[in-house]
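In: dropping a prediction and its sequence here:
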Amino acid sequence: MLADDDPLFPVQAFFNAIAASDFVETLAGLARGIGQGINVAGCEFPADLDPGEEPFEGVRCYLFEEEIVVDDHTFAKFVRLACQSHLSEHPQDRDAIDALLIERGWA
């Protein structure tokens, strides 16, 4: 668990905002490079940008007005941690989650 003042906190906050019932569906979108917004937290991929928006490489995560761009390796680390946490309470989702992790190269 990261402290609120850790620069990576928006990444963790995004994953914490995902409801257990939506986890696999949200992960499926992320695995396909589709950004997600949940209340005041979210993440965006470069392909999500509108014309004229400042380009970036990696994944941009935000919490309220605070945002950070992390590289794909760092984002994948948070994905795997979120999956481990989810699977500890929802082991029935293992096959679907494993397939998505492999599909994106996050396994």
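Out: Here it is on my side, so go on.
In: ok, then the element right after the top helix by length along the chain?
Out: Counting by DSSP state H, the longest helix found in the chain is helix 72-89. Counting by DSSP states H and E, the element after helix 72-89 in chain order, helix or strand, is helix 94-104.
In: now that next one: buried residues?
Out: Across helix 94-104, burial judged by 16 or more other C-beta atoms under 10 Å covers 97, 100, 101, 104. Backbone N, C-alpha and C define where each C-beta goes, glycine included.
In: over to stretch 36-44?
Out: Buried residues in stretch 36-44, counting neighbours by 16+ other C-beta under 10 Å, are found at 36, 38, 41, 42, 43, 44.
In: now do stretch 86-93
Out: 86, 93.
In: ok now that stretch, how far from the chain's centre?
Out: 17 Å (C-alpha atoms, centre = their mean, to the nearest Å).
In: list of residues touching it?
Out: Outside stretch 86-93, the residues within contact range by C-beta atoms under 8 Å, 6 or more residues apart in numbering are 20, 23, 24, 94, 97.
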